[in-house]
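# Structural data only, the sequence is not supplied:
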């Protein structure tokens, strides 16, 4: 990952921001968790914003009160680690495990591990029933409506003739389509995260500004 250090070398992100600075950009980065936006998926992703004009920190770092999570109702303040539960599974909770982590199984209570580009998650529900999460479940966990990626079916390879395409069995078509739908979902940015960044870009200087001090989010006077 961008923050990893290999054999004591600087983190990869340092090379990225050095290049940005050499081009005259100011930059900011932030690790954002999808779970902090009310979706029960543990998905931590790094976002880098660079700009030739203005301060990118005003977009990525101010703590605007726009996170729609349970903590807002319970504690009256936003929480950026929502659903990070450490409780053990019991009869009243769901347990989701990542089947691809066969060496060191990764599981979570009432939240899913990170959705990847393949069907990798299995849920054990209250009462003992269990099964793999379907592609529509993954769409919901990313903030999309069910069926959002369905238009990628049926597949049409532009390098194959129509006659060759017709010879492909229906079950192979469907299998390939579902594989591609999982890839689309696994590579996507969660909808509420993308919306949060977009709104901040659009309104970077309207209400808040990043201040490099203990009070990192200062409300501006109306213009």
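Now that the structure is in, tell me what you want to look at. It should be emphasised that the depicted structure is a prediction, and the values quoted were computed from it without experimental measurement.
# Show me where this structure has its helices.
For the chain, the helices defined by DSSP state H cover 12-22, 57-60, 70-74, 135-141, 162-166, 170-187, 191-202.
# who does the shortest one touch, helix- and strand-wise?
When you say that, I think you mean helix 57-60. With contacts taken as 3 or more CB pairs under 8 Å, 6 or more residues apart in numbering; DSSP states H and E, helix 57-60 sits against strand 26-33, strand 44-51, helix 191-202, strand 208-210. C-beta here means a position set from N, CA and C on the backbone, and glycine is covered the same way.
# so how many other residues sit close to the nearest residue to residue 132 once chain neighbours are set aside?
Leaving out its chain neighbours, the residue that sits closest to residue 132 by CB to CB, 6 or more residues apart in numbering is residue 122, at 5.3 Å. Neighbouring residues of residue 122 were enumerated by other CB atoms under 10 Å; the total is 15.
# So residue 122 versus residue 115, what's the distance?
As judged by CB to CB, to the nearest Å, residue 122 and residue 115 stand 13 Å apart.
# Which one, of the helices of the chain, ends up nearest to residue 33?
Among these, the nearest to residue 33 by CB to CB is helix 191-202 (8.6 Å).
# Run the angle between that closest one and strand 26-33 for me.
Helix 191-202 and strand 26-33 are oriented at 160 degrees to each other (axes from the mean of the first three to the mean of the last three CA atoms, to 10 degrees).
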